[in-house]
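Visitor: Let me see the structure of the following:
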Amino acid sequence: MAAGRATRFGRPKQLLKLRDKPLIEWVLDAALESDLARVILVLGYHGANIQQVLGTKIAHPRVQVVTNHRYQDGLSRSLQAGLRSAQNGFPSVMFLLGDQPLVDPATIDHLLARFWQSDKDICVPVYQGKRGTPTIIGQKFYPRILSLTGDIGARDLKNAHPDRILEVEVNNPLCFFDIDTPEDLAKLETLFPG
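Guide: Residues are numbered from 1 along each chain as shown. Next up is the predicted model:
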């Protein structure tokens, strides 16, 4: 998901750089290095600029770019734009956020493996009791995602179905770190492991 307007940040944060690489490129690289079968990049606000910055990476055979023309209506529209492109070909989807640049391929693959081995419909990573993203949603809940409105993600869905959630402990707390303000970016620079 990289369609948002970044209203709290004041400028397109997808294009902000962490160690000379745009935030969105960190997430895209992690997704492409993982076992995900397809990567659907949902763009909206400054979508053309993001595509230009990503260059040939968006031509990767596993990447599909989808434009959310209603990005100003909130996160729900981006979830739906991505899901509509995946729903007929995949029994589950993982939602990654474009402002969480330290999600790593190992965490993505760990979540996928645990989800595939379970009978649950929702999978969330947990670090020391705190839930985060990326989130995996099974096709049972596709209609619920497609009926969301406003600037909300799947939190209400998860709260309404605690018995269908697989919580997976992860050992990378930085993958939960999202960037909403310039101070968040500055803090992440100090926490960055390498």
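
Visitor: got the residue ranges for the helices in the protein?
Guide: 23-32, 47-54, 75-86, 105-116, 142-146, 155-160, 182-191 (DSSP state H).

Visitor: need those in JSON lines with distance to Val66, can you?
Guide: Any C-beta I mention is one placed from the backbone N, CA and C, and that applies to glycine too. Output for the helices of the chain, formatted as JSON lines (distance: least, Cβ to Cβ, whole Å):
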{"stretch": "helix 23-32", "distance to Val66": "14"}
{"stretch": "helix 47-54", "distance to Val66": "10"}
{"stretch": "helix 75-86", "distance to Val66": "5"}
{"stretch": "helix 105-116", "distance to Val66": "19"}
{"stretch": "helix 142-146", "distance to Val66": "14"}
{"stretch": "helix 155-160", "distance to Val66": "21"}
{"stretch": "helix 182-191", "distance to Val66": "26"}
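
Visitor: so how far is Pro182 from the residue nearest to the spatial centre of the chain?
Guide: Compute the mean C-alpha point of the chain, and by Cα atoms, centre = their mean the closest residue is Leu96, 1.2 Å away. For Leu96, the distance to Pro182 (Cβ to Cβ, to the nearest Å) stands at 23 Å.

Visitor: Out of the helices of the chain, which is closest to Val63?
Guide: Of all the helices of the chain, helix 23-32 sits nearest to Val63, with 7.3 Å by Cβ to Cβ.

Visitor: CA atoms of the closest one as PDB?
Guide: Taking Å, rounded to 0.1, in the frame of the first residue of the first chain, the C-alpha atoms of helix 23-32 are listed here in PDB:
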ATOM      1  CA  LEU A  23      11.000   4.100   1.700                       C
ATOM      2  CA  ILE A  24       8.800   2.400  -0.800                       C
ATOM      3  CA  GLU A  25      11.800   0.700  -2.500                       C
ATOM      4  CA  TRP A  26      12.800  -0.900   0.800                       C
ATOM      5  CA  VAL A  27       9.300  -2.500   1.100                       C
ATOM      6  CA  LEU A  28       9.200  -3.500  -2.600                       C
ATOM      7  CA  ASP A  29      12.700  -5.100  -2.300                       C
ATOM      8  CA  ALA A  30      11.600  -7.100   0.700                       C
ATOM      9  CA  ALA A  31       8.500  -8.300  -1.000                       C
ATOM     10  CA  LEU A  32      10.400  -9.400  -4.100                       C
END
